[in-house]
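**Student:** Curious how this folds, go ahead:
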Amino acid sequence: MEDAPMTVRQVFYRLVSSGVIAKTEGEYKSTVVRLLGDMRRNGEIEFDWIADNTRWMRKPRTYSSLESMLKRTAEAYRRSVWDNQECYVEIWLEKDALAGVLYEETGAWDVPLMVTRGYPSLTFLHGAAAEIAELDKPAYLYYFGDYDPSGLDIPRKVESDLREFAPYADIEFERVAVTREQIVEMNLPTRPTKRTDSRAKGFIGESVEVDAIPPKVLRQIVSDCITQHIDNDAYSVLLKAEEGERATLMSLIGNSAM
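**Tutor:** Next up is the predicted model:
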């Protein structure tokens, strides 16, 4: 599947946009959720084509031997991309269900993916601000969230608290999705705005979930946000150093077996 991985919600919006199913929660649950479950069980689609970052396991990493540890370390070894860059980048995301979709890009560029799960706690924001304050370089933060009353207010609160907790940091904060322009340009499917939301007063029109943006497009937006800040010469130097250090680690594997 070209756009994999996708969340179940993203598959739903893709089918709605294509006119295959109606835009109802009934179709979402009884058609999309049910059929995706059946198709994975029957082997018609791969399990890892559907992203789910809302459930996870905690376990310390252990090894069968010193040799297996060295091999794993050598394979996974990476230098910090942003150490020799002139700035620093973070991607902020309202929904943890989409973390697996965006991580393909953020992980490749060693960029923190900051998942707020709605309104983040002060503890989370204070810790994030402390990390930025220690960098002593410009920090560019890009926010992805729903276009609805809370989705528009969350980044305001995030930016305000980050600036309060890191008053001397050079922070550039931008909400890049979902925007009104994207809704029109991509003809994104809408949903009724929750009028029970205390922030709905003054909000005009229907809401749009960030899940409605096709995953390929979302990843491209993330990539564009990041790569515009990459100094390619500095990055090439880093990759060469990383390759040499990985080779050094691999050479230790033979010595450990003696």
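**Student:** And the residue nearest to the spatial centre of the chain, how far from Asp170?
**Tutor:** Centroid-nearest residue in the chain, with C-alpha atoms, centre = their mean: Leu102, separated by 3.5 Å. Taking C-beta to C-beta, to the nearest Å as the measure, Leu102 falls 24 Å from Asp170. Using the backbone N, CA and C atoms, a C-beta is placed for each residue, glycine as well.
**Student:** do Ser207 as well
**Tutor:** Distance of Ser207 to Asp170, computed by C-beta to C-beta: 33 Å.
**Student:** Kindly report the same for Lys201.
**Tutor:** Distance of Lys201 to Asp170, computed by C-beta to C-beta: 35 Å.
**Student:** Checking the residue nearest to the centre of the chain next. Helix, strand or coil?
**Tutor:** Secondary structure, DSSP: H, G, I helix; E, B strand; the rest coil: Leu102 is helix.
**Student:** for Arg58, same thing?
**Tutor:** With three-state DSSP as the basis, Arg58 sits in coil.
**Student:** pLDDT score for it?
**Tutor:** With respect to pLDDT, Arg58 scores 70.
**Student:** before we move on, back to that, quick check, the residue nearest to the centre of the chain in contact with Lys216.
**Tutor:** No. Assessed by C-beta atoms under 8 Å, Leu102 is found out of contact with Lys216, at 11.8 Å.
**Student:** Now do the buried residues in stretch 16-30.
**Tutor:** Residues Val16, Glu27, Tyr28 are the ones in stretch 16-30 that count as buried (16 or more other C-beta atoms under 10 Å).
**Student:** Can you flag which of the residues you listed belong to helices?
**Tutor:** Of the positions in those, Val16, Glu27 sit in helices, assigned by DSSP state H.
**Student:** Closest one of the buried residues of stretch 16-30 to Pro138?
**Tutor:** Among the buried residues of stretch 16-30, Val16 lies closest to Pro138 (C-beta to C-beta), at 39.8 Å.
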